[in-house]
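K.L.:
here is a sequence with its predicted model. Questions after.
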Amino acid sequence: MTEHVDSSEAAIARLLAHTDGPLRVGAPLGLGKPHQLLNTLYDTMLAHPERRLHLYTALSLDTPTGRSDLERRFLGPFVQRLYGDDFPRLKYVQAEKDNAMPPNIEVEEFYMQSGALLDSAPAQRRYASLNYTHVASALADRGVNCIVQKVAADEAGTLSFSCNTDLTSDTVAAIVARGLPRPLLIAVIDPRLPWLGGGAEVPHGFFDVVVTLPGPAPQLFVLPREPVSDAEHAIGLFASTLVRDGGTLQIGIGALSDALCHALVLRHTDNARYREVMRALDPAIEQHPAVIASGGLDPLPNGLYGCSEMVNEGFRLLVERGVLSRKVVDKQPLMERLLDGSASAFDRELLEREGQYLHGAFYLGSPDFYDWLRNLDDAERRAIDMRPVSETNQLRRGDEALDRMQRRDARFFNTCMMATALGAATSDALADGRVVSGVGGQYNFVALGHELDGARSALLLRATRTAKGGLQANIVWNYGHTTIARHLRDLYITEYGIADVRGKADEDCVVAMTSIAETRHQGGLLDIAKRNRKLRSDFVPPDTWTRNTPQRLRDALAPFRKDGTLPDYPLGSDFTPVEQRVVKALEWLQGATATRGGMLRTVARALSTRTPRDTEALQRMALDAPKGMKEYIYARLLGLALHDA
């Protein structure tokens, strides 16, 4: 029988009474983590050092703080506006960042907020490298005896997993299948969380304890929408040419995914303009073998079906603009009739009434995205279903034939940090072993790209990055860490084009990968390949490779940037207009000062150059009336960046 309590303290007391030995607590990744309850648990364990807590989770989200004084000046007011004064930051995350985790508390994560815990010894030591679909089994192996989760509730009190259907049910099933006691299940109702039915609706009596906290609920954690650069727009545009009408779509998160979704909408709703942009990027794009074999440039009248572990802002845009519209049903005979063309009018009526065009396992996004989910009409709500990650990230046992019918012409788009000339990808960790993020579902989707008929896996990356020491290539000969092995190579996309390396010999792979590297880095790759007998000694790159420069890219996209075809914020923005200018300026400044020489040159220019005064931007950064030399230099640097960005 479910017990209802009205405080985190009461729920934790129930947990302590339930378990005599170590607490082995599981919590969902991302939005479904009940921060207030977990903070109460952390404080309780601090007060009881004789008790041990093992917390198993992922993606423990923390509000941004900024790495420099200028970033902190920008982020302070922005974070306060977006998250409010009462957002409960996770105390164990602060302990991880401070390398001050209490000895009786251990946190194990299989996915980290990108780059946030690189310098945390506790987090790095206890990282678990797992495919998303293997997590439930791993939690059962660890003997988890409690799961805590944030849920939504409707007016009748029916609960919904809402943002996280990914692991809870599968984990409980895996634990019980081991012959272990069913874990204590604690739900915390969040009135701000959108209620979703279908696969997200919680069976009656599933949770042992349901917590309803008093007072107004804090803001939901949000992911601010990032600006999309020339390079990111180009990557999204190239990726959009590989999608086939009537197919299936999986995407990741971030500016590259935003750019891809914007490009797909442009392809569908303004095809003439889309073709103009593509010709400007690559006049021969329609003759690219991968585009001919796997995609195209025509509109998408039959629509796409989304099956993605994460539902994000981009899917909202695709739904609203009619791109995500191909519905599927969990009825194999009907799917067979739809595929062979024998479906009746009744079949199509049933498909329209009961079919769904988007399946996901968790969601995360902006305030506008959450509002969209809250305000779905009944038909839209039925067409979106949240499901366990065992269903979205792999073929279901017993339903494999049905999954194959639903996921026809699947395209799996994910990002990586670096790729090698021989086709391996680095997505989650550095050469020294430190974890940046995690494997998550990337391997699952790469494998599906090879396993499903007609499917393709595409890894998206920028050709270069700015790091300490200046500009560095992201397509390298070799790297000390691999996430996706080169025998799984398929499609790679940079701002300079598409490399189809699936099933190719090493020499052909080297040529294809080098062709999408920046021009200044191509010679070094080719020289190494020749020295290592991976490329014939007389190979001469074609003249077209010399076009792979940032300036040529800027020139090609400039008209479309200017007229709004390729906006900075294609999915909307959480920044005010003045903040958008400051964001662009800070990004420019970060690149200009990445090296000591760059820093000195930029400061000298800022002090000697007279630029127009942007009073609004200076006021927003509290630099309109500088106090002291430090703030004076900041103001001049910002003024230069606002002018040059």
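P.N.:
Perfect, I can see it now. A quick note: this is a predicted structure, and the numbers were derived from the prediction, not measured.
K.L.:
for residue 632, see how far away residue 626 is.
P.N.:
Separation of residue 626 from residue 632 (Cβ to Cβ, to the nearest Å): 4 Å. C-beta: built from backbone N, CA, C; applies to glycine.
K.L.:
next one: residue 241
P.N.:
49 Å.
K.L.:
have a look at these two and say which one is more surrounded.
P.N.:
Shown here are residue 241 and residue 632; by other Cβ atoms under 10 Å, residue 241 has more neighbours (24 against 13).
K.L.:
ok, that one touching residue 289?
P.N.:
No. Here residue 241 lies out of contact with residue 289, judged by Cβ atoms under 8 Å, at a distance of 11.8 Å.
K.L.:
how many residues are close by residue 506?
P.N.:
By the criterion of other Cβ under 10 Å, residue 506 has 17 neighbours.
K.L.:
residue 578 too?
P.N.:
A total of 16 residues lie near residue 578 under the criterion other Cβ under 10 Å.
K.L.:
report the contact partners of it.
P.N.:
By Cβ atoms under 8 Å, 6 or more residues apart in numbering, the contact set of residue 578 is 616-617, 620.
K.L.:
for it, give its distance to residue 334.
P.N.:
Distance from residue 578 to residue 334, by Cβ to Cβ: 53 Å.
K.L.:
go on, residue 78?
P.N.:
Residue 78 sits 49 Å away from residue 334, going by Cβ to Cβ.
K.L.:
which residues sit in contact with residue 262?
P.N.:
Going by Cβ under 8 Å, 6+ apart, residue 262 touches 228, 233, 236, 317, 566-567, 570-571.
K.L.:
quote the end-to-end distance of stretch 494-502.
P.N.:
Distance across stretch 494-502, first residue to last, is 16 Å (Cα to Cα, to the nearest Å).
K.L.:
so residue 94 sits in a helix?
P.N.:
Yes. Under DSSP: H, G, I helix; E, B strand; the rest coil, residue 94 sits within a helix.
K.L.:
what's around the closest residue to residue 303 other than its chain neighbours, how many residues?
P.N.:
For residue 303, ignoring the flanking residues on the chain, the nearest one in space by Cβ to Cβ, 6 or more residues apart in numbering is residue 325 at 3.2 Å. If you count neighbours by other Cβ under 10 Å, residue 325 ends up with 20.
K.L.:
same check on residue 113?
P.N.:
Residues near residue 113, counting by other Cβ under 10 Å, number 18.
K.L.:
who's in contact with it?
P.N.:
If a contact means Cβ under 8 Å, 6+ apart, then residue 113 has 59-62, 437 as its contacts.
K.L.:
from these, pick the one nearest residue 146.
P.N.:
Distances from residue 146 to the contacts of residue 113, taken as Cβ to Cβ, are shortest for residue 60 (17.1 Å).
K.L.:
gap between that closest one and residue 28?
P.N.:
According to Cβ to Cβ, residue 60 and residue 28 sit 11 Å apart.
K.L.:
just residue 308 next, same as before
P.N.:
17 Å.
K.L.:
tell me which of the two has more neighbours.
P.N.:
The neighbour comparison of residue 308 against residue 28 (other Cβ under 10 Å) goes to residue 308, with 27 against 24.
K.L.:
quickly list what the nearest residue to residue 478 once chain neighbours are set aside is bridged to.
P.N.:
Computed as Cβ to Cβ, 6+ apart, the closest residue to residue 478 that is not its neighbour in sequence is residue 420, at 5.8 Å. Note on residue 420: beta-bridge partners by DSSP bridges are residue 476.
K.L.:
so residue 420 is in contact with residue 480, correct?
P.N.:
No. Assessed by Cβ under 8 Å, residue 420 is found out of contact with residue 480, at 10.9 Å.
K.L.:
what's the domain layout of the chain?
P.N.:
If you go by automatic domain parsing, the domain ranges for the chain are 3-212, 230-547, 577-644.
K.L.:
among the ones you listed, which comes closest to residue 560?
P.N.:
Closest among those, using Cβ to Cβ: domain 230-547, at 5.3 Å.
K.L.:
start and end of that closest one, how far apart?
P.N.:
15 Å.
K.L.:
kindly report the same for stretch 471-482.
P.N.:
Stretch 471-482 has an end-to-end distance of 22 Å (Cα to Cα).
K.L.:
list the buried ones in it?
P.N.:
471, 473-477, 479, 481-482 (16 or more other Cβ atoms under 10 Å).
K.L.:
with stretch 118-130 instead?
P.N.:
For stretch 118-130, burial by neighbour count (16+ other Cβ under 10 Å) applies to 120, 122-124, 126-128, 130.
K.L.:
ok, now stretch 51-63?
P.N.:
By neighbour count with 16+ other Cβ under 10 Å, stretch 51-63 contains the buried residues 51, 53-62.
K.L.:
okay, and for this structure, where does confidence drop off?
P.N.:
Low-confidence segments of the chain (pLDDT under 70): 468-469.
K.L.:
tell me the contacts of the residue lying closest to residue 147 once chain neighbours are set aside?
P.N.:
Nearest residue to residue 147 in three dimensions, chain neighbours excluded: residue 26, at 4.5 Å (Cβ to Cβ, 6+ apart). Going by Cβ under 8 Å, 6+ apart, residue 26 touches 55-57, 139, 144, 146-148, 167, 171, 183.
K.L.:
kind regards, and thank you for your time.
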